[in-house]
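Asks: test case, fold it:
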Amino acid sequence: SLASLAGLRGAMARRKEGDVLRVNVQFDRMPSYSNIQMLAIPHEYLSYPGERCHNLYFRPFNFYENWARLLWSDYAREGYAPLDFCPMVGARHVHLFIIGFNRMGLALLLESLRLCHYTNYDGTPETRTRITVVDRQMAELLPSFRARYPYIDEQIEDVQVEFVAADADDEQVRAMLDEAARDENELLTVAVALHDPDTSLATALNLPEAVYRSESKVLVRQELQRGLGEVLDRDTARHRNVKVFGMLTAGVSGGLLDDERPIFINHNYEKMCRLDGFDAASTPYASDDERRKAHESWIALSESARWANRYQTDAFGGYKRALQHYRSTCGIATAQIPEPLYEALAEAEHRRWVAERTVAGWRAAREGEGRDNTFRVHDMIVPYAQLSDEERAKDRAVVGNVEHIERLFS
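Replies: Below you'll find the model as predicted:
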């Protein structure tokens, strides 16, 4: 893929001066994709000889991660329920059950780790998000996962991940599913991500009866939607909450590959950090000057920083649902966000940021250490209560911009 980038430089010589060729590059294997998110692409790959500016806009993507984002993020496609498909109040918590720890299963796990951070988390086990991953080959698969993502257990405080070495049909697994489906406080989503389409479908349609009787959601991976997939999506009886996903024809989305919202988020953050009086509500992002500045800043970012902004936009759907629940409870269409909810959303945003950085390979600074971008050490990977007022203001700014960004890009 990188060799192809270098080969495209010659084509740029025939384009008009100042034109930028957008190159969307698919990385099929998750390790390669994770690595390219952390590496800086050399200048010579993105421009042709004699030019100082970038002539190529490099946009990596991964089919499996695309599908995870299309299911649950703020870019989700119509018909798919979010993991928090009911208001997150009291002891209510998300429980994601992934069957199949392959490339798709891994992508679903990583995206849920980035997304599942809610305002009702109070530090107790009862309000933590639960993720259960089931695979008969887990003993062979887990060491590689632990080596690539070593800090998940110790740094992501509001999500508990359990790995089970078993088949979906094993009595132990079926008992776990039955219990989760019967628990009124668990918002259960079962994602069947097995390689074989027929096995996936058979598994998804023969889960414990309690799963279908409840409002639990079931996702079943199918390479094609034709035939049984279409019939299943139209079922309004026993399998009304079973949906197919992962189709080969639908894994690339223009919305996901469009970086306009992340570009604005980064622009707003930089303005806030420079403390130059930027007011998102009064500065029209559509103005040529603001857009030019935003795009120039974006091009200068590392690939890792670009992905941090992209993943932040994924979480906006959950924040909007929390705001909508508050307003519907109050019986009013619009209202200023009350201070307790604002602070709860800001704390959830910080936990989301910690999770996103952790998945990207960052660890918390140890005693005597400061931030180190080279070895991905960060002194802000701490509980929200330990942040300074200045650092908390950054999380609050994210919350304050959610609805403004939605108005700009809806």
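
Asks: going forward, measure contacts between C-alpha atoms and count neighbours the same way
Replies: OK.

Asks: give the contact list for the closest residue to residue 214 other than its chain neighbours.
Replies: Nearest residue to residue 214 in three dimensions, chain neighbours excluded: residue 181, at 6.3 Å (C-alpha to C-alpha, 6 or more residues apart in numbering). Residues near residue 181 by C-alpha atoms under 8 Å, 6 or more residues apart in numbering: 188, 210-211, 214, 216.

Asks: work out the gap between the helix or strand residue 181 falls within and the centre of the chain.
Replies: In this structure, residue 181 sits in helix 171-182 according to DSSP states H and E. Offset of helix 171-182 from its chain centre (C-alpha atoms, centre = their mean, to the nearest Å): 27 Å.

Asks: could you do stretch 107-127 as well?
Replies: On C-alpha atoms, centre = their mean, the centre of stretch 107-127 falls 12 Å from the chain's centre.

Asks: for the record, mean pLDDT for that stretch?
Replies: Across stretch 107-127, the average pLDDT comes to 96.

Asks: could you export it as PDB, CA atoms only?
Replies: Below are the C-alpha coordinates for stretch 107-127, written out as PDB (Å, rounded to 0.1, in the frame of the first residue of the first chain):
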ATOM      1  CA  ALA A 107     -12.700  -4.600  15.500                       C
ATOM      2  CA  LEU A 108     -16.000  -4.800  17.400                       C
ATOM      3  CA  LEU A 109     -14.100  -5.100  20.700                       C
ATOM      4  CA  LEU A 110     -11.800  -2.100  20.100                       C
ATOM      5  CA  GLU A 111     -14.600   0.100  18.900                       C
ATOM      6  CA  SER A 112     -16.800  -0.700  22.000                       C
ATOM      7  CA  LEU A 113     -13.800   0.000  24.200                       C
ATOM      8  CA  ARG A 114     -13.700   3.500  22.700                       C
ATOM      9  CA  LEU A 115     -17.400   4.100  22.800                       C
ATOM     10  CA  CYS A 116     -18.900   2.600  26.000                       C
ATOM     11  CA  HIS A 117     -18.400   5.400  28.600                       C
ATOM     12  CA  TYR A 118     -21.600   6.700  30.200                       C
ATOM     13  CA  THR A 119     -22.700   9.300  32.600                       C
ATOM     14  CA  ASN A 120     -24.200   6.900  35.200                       C
ATOM     15  CA  TYR A 121     -20.900   5.200  35.900                       C
ATOM     16  CA  ASP A 122     -20.300   5.700  39.600                       C
ATOM     17  CA  GLY A 123     -17.100   3.700  40.200                       C
ATOM     18  CA  THR A 124     -19.000   0.500  41.200                       C
ATOM     19  CA  PRO A 125     -18.800  -2.800  39.300                       C
ATOM     20  CA  GLU A 126     -22.600  -2.700  38.800                       C
ATOM     21  CA  THR A 127     -22.400   0.300  36.500                       C
END
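
Asks: contacts for it, please.
Replies: In contact with stretch 107-127 (C-alpha under 8 Å, 6+ apart) are residues 30, 64-65, 68-69, 73, 83, 88-94, 98, 128-129, 131, 157-159, 311, 314-315, 318, 322, 341, 344-345, 347-349, 351-353, 355-356, 359.

Asks: any quick PyMOL command for the buried ones out of those residues?
Replies: Per 16 or more other C-alpha atoms under 10 Å, the buried members of the contacts of stretch 107-127 correspond to this PyMOL selection:
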select buried, resi 30+64+65+68+69+73+83+88+91+92+93+94+98+128+129+131+157+158+159+311+314+315+318+322+344+345+347+348+349+351+352+353+355+356+359
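
Asks: lowest-scoring secondary structure element of the chain by mean pLDDT?
Replies: helix 9-12 (a mean of 56; mean pLDDT, DSSP states H and E).

Asks: and the next helix or strand past that helix?
Replies: strand 21-26.

Asks: which elements pack onto that following strand?
Replies: For strand 21-26, the elements it packs on are strand 56-61, judged by 3 or more C-alpha pairs under 8 Å, 6 or more residues apart in numbering; DSSP states H and E.

Asks: mind giving me the packing neighbours of the helix or strand following the strand it packs on?
Replies: Scanning forward in sequence from strand 56-61 by DSSP H and E, the next helix or strand is helix 63-72. Applying 3+ C-alpha pairs under 8 Å, 6+ apart, one finds that helix 63-72 contacts helix 103-115.

Asks: quick one, the helix it packs on and helix 63-72 angle?
Replies: 50 degrees (axes from the mean of the first three to the mean of the last three C-alpha atoms, to 10 degrees).

Asks: direction included, what does the helix or strand following helix 103-115 pair up with?
Replies: Where DSSP H and E defines the elements, the next helix or strand beyond helix 103-115 is strand 129-134. If you go by DSSP bridges, strand 129-134 pairs up with strand 93-99 (parallel), strand 159-164 (parallel).

Asks: name the residues that touch strand 129-134?
Replies: So strand 129-134 is in contact with 93-101, 109, 116-117, 158-168, going by C-alpha under 8 Å, 6+ apart.

Asks: the nearest residue to residue 317 once chain neighbours are set aside - how many residues pack around it?
Replies: What sits nearest to residue 317 in space, not counting adjacent residues and going by C-alpha to C-alpha, 6+ apart, is residue 74, at 4.5 Å. Neighbourhood size, residue 74 [other C-alpha atoms under 10 Å]: 21.

Asks: what does the one 10 residues further on give?
Replies: Counted with other C-alpha under 10 Å, residues neighbouring residue 84 total 24.

Asks: tell me how far the spatially most central residue of the chain lies from residue 40.
Replies: In the chain, the residue lying closest to the centroid (C-alpha atoms, centre = their mean) is residue 111, at 4.1 Å. Look at residue 111 and residue 40: by C-alpha to C-alpha, to the nearest Å, they are 23 Å apart.

Asks: need the three-state assignment for residue 91.
Replies: When classified by DSSP: H, G, I helix; E, B strand; the rest coil, residue 91 comes out as coil.

Asks: go on, the one 10 residues further on?
Replies: Following three-state DSSP, residue 101 is assigned to coil.

Asks: OK, contacts around it?
Replies: 133-135, 138, 141, 193-194.

Asks: so for the spatially closest residue to residue 211 that is not a sequence neighbour, what pLDDT did the model give?
Replies: Nearest-residue entry for residue 211: residue 181, 5.2 Å, with adjacent residues in sequence omitted and distances by C-alpha to C-alpha, 6+ apart. If you check residue 181, the pLDDT there is 98.

Asks: now do residue 22
Replies: At residue 22, pLDDT is 78.
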